[in-house]
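J.: This is the structure alone, sequence omitted:
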């Protein structure tokens, strides 16, 4: 009697700041691993730079067969914390979710999802505060809690620092 084997995706957690190392180590052992990536603007040494990091920090997906694959080495792999379980069994992640994430990454060209809502030159409108309803040009992110925009107030261009959550595309 033969058993049918089927690979499924499972959620795996890594140790803090060890996502990339865990992914590399598992790949070196022959496992198929998928770690969705994201691009974010971060302030480093006073300058805003674009970094590529995990979309879901400390989490990645691994494709395994319950019957054919040896799961034991995963636990002792450098950077790996555990396979996420609900109850006693690891729960498969739907293939559709993985395919959707991969397609979205591929459509962006850089294999990373851009999490910055606005980019330099985008037209934005303020949704709250004393300048509510005014439109301006997005300049840049200034740290994680502020965005710089350029408004025309009384025939003069004025830079204004606002909370990015108070901006919408105009």
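T.: Arrived safely, thanks for sending. Note that the coordinates shown come from a computational prediction; the quantities given were computed from them, not determined experimentally.
J.: Residue 147 contacts residue 164, doesn't it?
T.: Yes. A contact is recorded between residue 147 and residue 164 when judged using C-beta atoms under 8 Å, the distance being 4.4 Å. Where C-beta positions appear, they are placed from N, C-alpha and C, glycine not excepted.
J.: So for the two, which residue has more residues nearby?
T.: Each of residue 147 and residue 164 had its neighbours counted (other C-beta atoms under 10 Å), and the higher figure belongs to residue 147 (22 against 17).
J.: which residues does the more buried one contact?
T.: Contacts were defined as C-beta atoms under 8 Å, 6 or more residues apart in numbering; by that measure residue 147 touches 118, 138, 139, 140, 141, 161, 162, 163, 164, 167.
J.: Distance check, it against residue 158.
T.: Computed as C-beta to C-beta, to the nearest Å, the residue 147 to residue 158 distance reads 14 Å.
J.: now residue 74
T.: Distance check for residue 74 against residue 158: by C-beta to C-beta, it reads 56 Å.
J.: neighbour-wise, which of those two wins?
T.: Neighbours per residue, other C-beta under 10 Å: of residue 74 and residue 158, the larger number sits with residue 74, 20 against 12.
J.: Can you report phi and psi for the closest residue to the more buried one other than its chain neighbours?
T.: The spatially closest residue to residue 74, leaving aside those adjacent along the chain, is residue 80, at 6.0 Å (C-beta to C-beta, 6 or more residues apart in numbering). The main-chain torsion angles of residue 80 are listed as degrees, to the nearest 10 and equal phi -80, psi 140.
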